[in-house]
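**Student:** Sharing a sequence plus its predicted fold:
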Amino acid sequence: MIDAELLQIFACPGCRGALELADPNLVAELNEQVKAKNLRTLNGSQVTESLEGGLICRNEKLFFGIFAGIPNLLLPEAIRVESPL
Ligand SMILES: [Zn+2]
């Protein structure tokens, strides 16, 4: 998992703001949508891989998925979330 120190290295690629670890409940909720083939990224691609975790930009309500221990910080592949926490 990603620890707090490492987290400080990551900035949001959109607004350069701080990223926070996503709440496990939110990750679980999003994974339900992955299973239902109902989760899409900003560029419209379907998310097919289940999320291990995620980083959240509160400013822009964006979720960056963590896959195999590595956060995907590509803006087009972020997921819009209505209530990030
Ligand atoms: Zn941002």
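**Tutor:** Arrived safely, thanks for sending. Not measured: the values here are computed from a predicted model.

**Student:** Enumerate the positions of the longest helix along the chain that are buried.
**Tutor:** If you go by DSSP state H, the chain has its longest helix at helix 24-35. Counting neighbours by 16 or more other Cβ atoms under 10 Å, one finds that the buried residues in helix 24-35 are 26-27, 30-31, 34. Every C-beta, even on glycine, is put in place using the N, C-alpha and C of the backbone.

**Student:** got it, and stretch 51-61?
**Tutor:** Within stretch 51-61, the residues that count as buried by 16+ other Cβ under 10 Å are 51-57, 60.

**Student:** pretty sure Phe63 is in a strand, no?
**Tutor:** Yes. Phe63: assigned to a strand according to DSSP: H, G, I helix; E, B strand; the rest coil.

**Student:** What residues are bridge-paired with it?
**Tutor:** Counting by DSSP bridges, Phe63 is bridged to Ile56, Ile79.

**Student:** Tell me, how many residues neighbour Ile9?
**Tutor:** Ile9 has 8 neighbouring residues, counting by other Cβ atoms under 10 Å.

**Student:** Next one: it from the ion, what distance?
**Tutor:** 15 Å (Cβ to the ion, to the nearest Å).

**Student:** Check the secondary structure at that residue for me.
**Tutor:** On the three-state scheme (three-state DSSP), Ile9 is labelled coil.

**Student:** Return the distance of it relative to Asn38.
**Tutor:** Separation of Ile9 from Asn38 (Cβ to Cβ, to the nearest Å) stands at 32 Å.

**Student:** residues touching the residue nearest to Cys12 when sequence neighbours are not counted, list them.
**Tutor:** Once flanking residues are discounted, Cys12 sits nearest to Cys57: 4.0 Å by Cβ to Cβ, 6 or more residues apart in numbering. The contact partners of Cys57, taken as Cβ atoms under 8 Å, 6 or more residues apart in numbering, are 12, 14-15, 17, 19, 64, 78, 84.

**Student:** Name only those of those that count as buried.
**Tutor:** By neighbour count, with 16+ other Cβ under 10 Å, those hold 12, 19, 64, 78, 84 as buried.
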